[in-house]
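Undergrad: just coords:
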């Protein structure tokens, strides 16, 4: 396991409106959401990074304006046809 240390100013923490004791959990979630949005992590891997169950991660995506699924209509139709 790797450890990353971030230095964040008090002003930034205040602007984020996150209690200091919840900051590391919030930053992990934000990183996981962005990496998922960019397609760099699957939803399961992103949930693991955030330290939450995959179902909770998927439900939290809307809080950040991120689509849960990245399938086009054609891809979705193809997936449904193969079931």
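TA: Now that the structure is in, tell me what you want to look at. The shown structure was predicted, so the numbers you read here are calculated from the model rather than taken from an experiment.
Undergrad: and residue 57, how many residues sit next to it?
TA: Neighbour count of residue 57, defined by other C-beta atoms under 10 Å: 23. Yep, even glycine has a C-beta here, placed from its N, CA and C like the rest.
Undergrad: got the buried residues for whichever strand or helix holds it?
TA: Taking DSSP states H and E as the definition, residue 57 sits inside helix 54-60. Buried residues in helix 54-60, counted by 16 or more other C-beta atoms under 10 Å: 57-58, 60.
Undergrad: can you lay out those residues as JSON lines showing pLDDT and distance to residue 19?
TA: As requested, the buried residues of helix 54-60 are arranged in JSON lines below (pLDDT from 0 to 100; distance: C-beta to C-beta, whole Å):
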{"residue": "57", "pLDDT": "95", "distance to residue 19": "21"}
{"residue": "58", "pLDDT": "93", "distance to residue 19": "25"}
{"residue": "60", "pLDDT": "94", "distance to residue 19": "17"}
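Undergrad: which other helices and strands does the longest helix along the chain contact?
TA: Counting residues, the longest helix in the chain under DSSP state H turns out to be helix 23-37. Applying 3 or more C-beta pairs under 8 Å, 6 or more residues apart in numbering; DSSP states H and E, we find helix 23-37 packed against helix 10-16, helix 43-50, helix 54-60.
Undergrad: pull out the buried residues from it.
TA: In helix 23-37, counting by 16+ other C-beta under 10 Å, buried: 27-29, 32-33, 35-37.
Undergrad: nearest to residue 73, of those?
TA: Ranked by distance to residue 73 (C-beta to C-beta), the buried residues of helix 23-37 are led by residue 37 at 19.4 Å.
Undergrad: for that closest one, give me the pLDDT.
TA: We have a pLDDT of 93 for residue 37.
Undergrad: how many neighbours does the residue lying closest to it once chain neighbours are set aside have?
TA: Once flanking residues are discounted, residue 37 sits nearest to residue 66: 4.8 Å by C-beta to C-beta, 6 or more residues apart in numbering. Using other C-beta under 10 Å, residue 66 is surrounded by 14 other residues.
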